[in-house]
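K.L.:
Pasting the sequence and the predicted model now:
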Amino acid sequence: MPRFIAPIKRQERYDDVSFIILASSLIPRMKNAGPKSLFRVDKNSVMLDVQYEAIRNAFAEAEIIVVTGHMTSSVIAFREATGRKDLKIVENQLYEGCGGLEEIRLALNTVTNKKVAII
């Protein structure tokens, strides 16, 4: 074994964690692009797809909360179309005048776990 490479230690898996994805604001440079979470990353996936899969691969039973504001109905339709019933959606109705702290407050009101990660 090389001198500076140590074997990877086996880590415990923590599934009692909640992930909050902040996606209620508009993308200022893309006025008609739709909600930030449904921004197309490549031909087959949107940003929310990538985030959801990354969280599920690392934390199989984690709670995922998406805070939306702009075009919330599109995000709800995406959830229904992809069959991701475990994805919680919280709507920030004041997304134009409030910053990220209001999004965090709304999401924290729905969290069921003690450990929280904000994306």
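P.N.:
On my side now, so go ahead. Numbers count the residues shown, from 1 in each chain.
K.L.:
so where do the helices sit in this protein?
P.N.:
In the chain, the helices defined using DSSP state H lie at 47-58, 72-82, 100-108.
K.L.:
would you turn those into a markdown table with mean neighbour count and mean pLDDT?
P.N.:
All C-beta atoms are positioned from the backbone trio N, CA, C, and that covers glycine. Formatted as a markdown table, the helices of the chain follow (neighbours: other Cβ atoms under 10 Å; pLDDT from 0 to 100):
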| stretch | mean neighbour count | mean pLDDT |
| --- | --- | --- |
| helix 47-58 | 16 | 91 |
| helix 72-82 | 15 | 91 |
| helix 100-108 | 16 | 89 |
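K.L.:
In CSV: these, plus distance to Ile118.
P.N.:
Output for these, formatted as CSV (distance: least, Cβ to Cβ, whole Å):
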stretch, distance to Ile118
helix 47-58, 12
helix 72-82, 18
helix 100-108, 6
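K.L.:
To Ala117, which of those lies closest?
P.N.:
Across those, Ala117 has its closest neighbour in helix 47-58 (8.6 Å, Cβ to Cβ).
K.L.:
Show me what the most centrally placed residue in the chain bridges to in the sheet.
P.N.:
Residue closest to the mean C-alpha point of the chain, counted by Cα atoms, centre = their mean, is Ile21 at 3.1 Å. Using DSSP bridges, the bridge partners assigned to Ile21 are Val66.
K.L.:
My guess is it contacts Ile65. True?
P.N.:
Yes. Ile21 is in contact with Ile65 according to Cβ atoms under 8 Å; the separation is 6.9 Å.
K.L.:
for the chain, what helix or strand is lowest in average pLDDT?
P.N.:
Of all the helices and strands that make up the chain, helix 100-108 has the lowest average by mean pLDDT, DSSP states H and E, namely a mean of 89.
K.L.:
Restrict that one to CA atoms and write it as PDB.
P.N.:
Only the C-alpha atoms of helix 100-108 are listed here, as PDB (Å, rounded to 0.1, in the frame of the first residue of the first chain):
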ATOM      1  CA  GLY A 100     -33.700  32.400   2.000                       C
ATOM      2  CA  LEU A 101     -34.400  32.700   5.700                       C
ATOM      3  CA  GLU A 102     -38.100  32.600   5.200                       C
ATOM      4  CA  GLU A 103     -37.600  29.500   3.000                       C
ATOM      5  CA  ILE A 104     -35.600  27.900   5.800                       C
ATOM      6  CA  ARG A 105     -38.200  28.800   8.500                       C
ATOM      7  CA  LEU A 106     -41.000  27.300   6.400                       C
ATOM      8  CA  ALA A 107     -39.100  24.100   5.800                       C
ATOM      9  CA  LEU A 108     -38.000  23.700   9.500                       C
END
